[in-house]
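Q: Pasting the sequence and the predicted model now:
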Amino acid sequence: MQNRIKGSDHMCFGCSERNPIGFKLKFTMDGDICRTEFTAGEEHQGWNGYMHGGLIAAILDETMAWWLWLKDISIMTVEMTIRYSLGVPVHTRLRVESWCEEEKRGKLFHMAGQIILPDGKVAAKARAKFMKIDPAQF
Ligand SMILES: CCCCCCCCCC(=O)SCCNC(=O)CCNC(=O)[C@H](O)C(C)(C)COP(=O)(O)OP(=O)(O)OC[C@H]1O[C@@H](n2cnc3c(N)ncnc32)[C@H](O)[C@@H]1OP(=O)(O)O
């Protein structure tokens, strides 16, 4: 399902296979949940041994965006809040999932996403708003 919408020439930090420093995330739709997996490396650290919070935000942003992309809805993030509940250790397989909580007039989408540790605990949860855009303008 990777890069179905924009083709393979884009450089998205979250999902492009061409971006040498990107996350190269791949997404699948599981019912109404968008899922990906990720293992942070040394280069993704903030505090020693733990993933940088800004990069956690980027993964959640991307996973929520892809819930919409996979439905052929072109969007941009317009607002996001994150609750960081537990440190996200590096070298640990993470599950990331997103879903839609509300759609307003087909233009504004209230999304949520979370990062889950191997023991099932939620380390970070995001809520965000995404606005539908005309992809020809970007
Ligand atoms: C294959 C590749 C996959 C790529 C995946 C990408 C994943 C990453 C996603 C991102 O991170 S996107 C990058 C971060 N986001 C941005 O850079 C967005 C920057 N913002 C914009 O460019 C403009 O705000 C935007 C084009 C989205 C909208 O501008 P507009 O001028 O068309 O909208 P406007 O500000 O007039 O607002 C339209 C309506 O939405 C409302 N609105 C705006 N922001 C809102 C908000 N945050 N919450 C609620 N409502 C909001 C606003 O009040 C208004 O309501 P009404 O229609 O009732 O008048």
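A: Right, received. Where do you want to start? Numbering: from 1, shown residues only.
Q: can you give me the strands in this structure?
A: With DSSP state E applied, the chain shows strands at 28-30, 33-39, 75-84, 93-104, 108-116, 122-132, listed in chain order.
Q: Relative to the shortest one, what are the paired strands and their orientations?
A: Paired strands of strand 28-30, with direction, are strand 33-39 (antiparallel) (DSSP bridges).
Q: Return the angle between stretch directions for the partner strand and strand 108-116.
A: With axes from the mean of the first three to the mean of the last three Cα atoms, to 10 degrees applied, the angle from strand 33-39 to strand 108-116 works out at 40 degrees.
Q: Next, the contact list for the nearest residue in space to V90 that is not next to it in sequence, please.
A: Closest residue to V90 in three dimensions, ignoring its sequence neighbours and counting by Cβ to Cβ, 6 or more residues apart in numbering: A40, at 4.5 Å. For the C-beta atoms, the positions are set from N, CA and C on the backbone; glycine is no exception. If you count contacts by Cβ atoms under 8 Å, 6 or more residues apart in numbering, A40 has them with 51, 55, 88-92, 94.
Q: Alright, that wraps it up for me.
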